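J.: The following comprises the amino acid sequence and a computationally predicted model.
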Amino acid sequence: MSNPHDFISAVGDTPLIRLRLASELTGCEIWGKCEFMNPGGSVKDRAACYMLEDAMAAGRVETGGVVVEGTAGNTGIGLTLAGNSLGLRTIIVMPETQSEEKKSALRGMGAELRTVPAVPYMNPDNYVHQARRLAESLSSEHGVFYANQWDNVSNREGHMRSTAPEIWEQLDGRIDGFTCAVGTGGTLAGVSAWLKQKRSDIVTAAADPDGAGIYHWIKHGEIKSSGSSITEGIGQNRVTGNLEGAPIDEAFNIPDTELLPVLWELIGKEGLYLGASSGINVAGAIRLARQMGPGHSIVTVLCDSASRYESKLFSPEFLTGKGLPLPPWLKDG
């Protein structure tokens, strides 16, 4: 559908880089898929493009139509930019607790942004339900598409069609494990399903922050959570349509106190200016490497840039107020 030189054609084919410190620490080869290098700046560009292309191919929306989504930010950015390139107008419903950087980016890209109070999914005023109701109330002669990244399996299938084959080719099939956090579940479910079709002994694992229930669901068969996390865009307390039936072997609960030191090393010692979800992913890869033992090859996802969270990640007041470690370069002045 896309022409060979537009936004959508530039999504994917991101580099896979060796994470030196995590590899040296564990005796494994730990690799990071550089999804922050997508044109919209995150792994969510993939889900956005596949959901839009599939919707347009099915006639659910056409040029001049409207896209509506509830999102913590990155999917909204991907949908807005891809939508701009396809002639679609985008309306985003977002919890007001998300970073100011993502809000201003969405407005600057031309999205109509509606922020709402952050309430649990069970509450009918949760941003996801508000987005769905908004889409149902709108009309357009060119169609209104509620993207619904949570249950729209074009999300998961996009990772089966792109992310997983890229990883396999980049490592010539020499991969023993894959891990990442769960937001919608599309990345973990799609990559896991495709890799296990190639080789069933590849171990796949979720890296789950405090406040999320997927760790307990994978380990014990029920959604259960406690605590909270400063991470944004990850942490799920229901089994989404994209997670249904996903072949996931293992799960690790990663608290903020564990992910932040990993993140500070990625930024300060490896030059990778990444957001907190990447810190939890690499911490999860370290956990999986230690469980599997030296000599294995493990891949995770470097989701987005720290530039979308600077007002929180690099605020001494914010971090110390939550009892969390500061970056060494801020602590030392």
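T.: Sure, I can see it.
J.: which residues of the protein score low on pLDDT?
T.: Along the chain, segments meeting pLDDT under 70 span 1-5, 332-333.
J.: what ranges do the strands span in it?
T.: For the chain, applying DSSP state E gives strands covering 16-18, 29-34, 66-70, 89-95, 112-116, 144-146, 177-180, 203-209, 250-254, 297-302.
J.: Quick check: buried residues in the fourth one?
T.: Residues of strand 89-95 classed as buried by neighbour count (16 or more other CB atoms under 10 Å): 89-95. Placement of C-beta: from N, CA and C, glycine included.
J.: right, so the strands of the chain: which one is the most enclosed?
T.: Burial of those is given as mean neighbour count (mean count of other CB atoms under 10 Å); strand 177-180 ranks first at a mean of 30.
J.: what's the spacing between it and its chain's center?
T.: Relative to its parent chain, strand 177-180 has a centroid offset of 13 Å by CA atoms, centre = their mean, to the nearest Å.
J.: Counting by contacts, list what that strand packs against.
T.: If you count contacts as 3 or more CB pairs under 8 Å, 6 or more residues apart in numbering; DSSP states H and E, strand 177-180 packs onto helix 186-198, strand 203-209, helix 276-292, strand 297-302.
J.: Could you please name the strands it pairs with and the direction of each pair?
T.: Applying DSSP bridges, strand 177-180 is found paired with strand 203-209 (parallel), strand 297-302 (parallel).
J.: before we move on, the earlier item: among the helices and strands packed on strand 177-180, which is nearest T71?
T.: Closest of the helices and strands packed on strand 177-180 to T71 is helix 186-198, at 12.6 Å (criterion: CB to CB).
J.: helices or strands up against that closest one?
T.: Using 3+ CB pairs under 8 Å, 6+ apart, the elements in contact with helix 186-198 are helix 154-158, helix 164-170, strand 177-180, strand 203-209.
J.: Please dump these into TSV; it should also carry distance to E310 for every row.
T.: Below are the helices and strands packed on helix 186-198 laid out as TSV (distance: least, CB to CB, whole Å):
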stretch	distance to E310
helix 154-158	28
helix 164-170	29
strand 177-180	23
strand 203-209	20
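J.: and of those, who's closest to A118?
T.: Between A118 and the helices and strands packed on helix 186-198, the shortest gap by CB to CB is with strand 203-209, which sits at 15.4 Å.
J.: Let me see the residues that make contact with the closest one.
T.: Contact with strand 203-209 is made by 176-182, 188, 191-192, 195-196, 214-215, 218, 229, 231, 234-235, 247-256, 259, 280-281, 283-285, 287-288, 292, 300, as judged by CB atoms under 8 Å, 6 or more residues apart in numbering.
J.: Let me know the angle separating it from helix 276-292.
T.: 130 degrees (axes from the mean of the first three to the mean of the last three CA atoms, to 10 degrees).
J.: 45 is where my numbering starts, stick with that
T.: Yep, numbering from 45; the last one is strand 247-253 now.
J.: Roughly how far does the closest residue to G56 other than its chain neighbours sit from A225?
T.: Spatially, and ignoring its direct neighbours in sequence, G56 is nearest to S206 (4.8 Å; CB to CB, 6 or more residues apart in numbering). Computed as CB to CB, to the nearest Å, the S206 to A225 distance reads 19 Å.
J.: Looking only at neighbour counts, state which of those two leads.
T.: Set side by side, S206 and A225 show more neighbours around A225, with 32 against 20, by other CB atoms under 10 Å.
J.: what about the residue lying closest to the more buried one once chain neighbours are set aside, distance to R352?
T.: Spatially, and ignoring its direct neighbours in sequence, A225 is nearest to I278 (4.0 Å; CB to CB, 6+ apart). Computed as CB to CB, the I278 to R352 distance reads 13 Å.
J.: Tell me, how many residues neighbour E210?
T.: Neighbours around E210, by other CB under 10 Å: 18.
J.: cool, E140 as well?
T.: Neighbourhood size, E140 [other CB under 10 Å]: 11.
J.: Can you tell me, leaving aside adjacent residues, what's nearest to it?
T.: Once flanking residues are discounted, E140 sits nearest to T159: 4.2 Å by CB to CB, 6+ apart.
J.: Over to L132?
T.: V111 (5.2 Å).
J.: Would you confirm that the one you found contacts L130?
T.: No: counting by CB atoms under 8 Å, V111 stays clear of L130, with 9.1 Å between them.
J.: got any residues that touch both of these two?
T.: Joint contacts of V111 and L130 (CB under 8 Å, 6+ apart) are L96.
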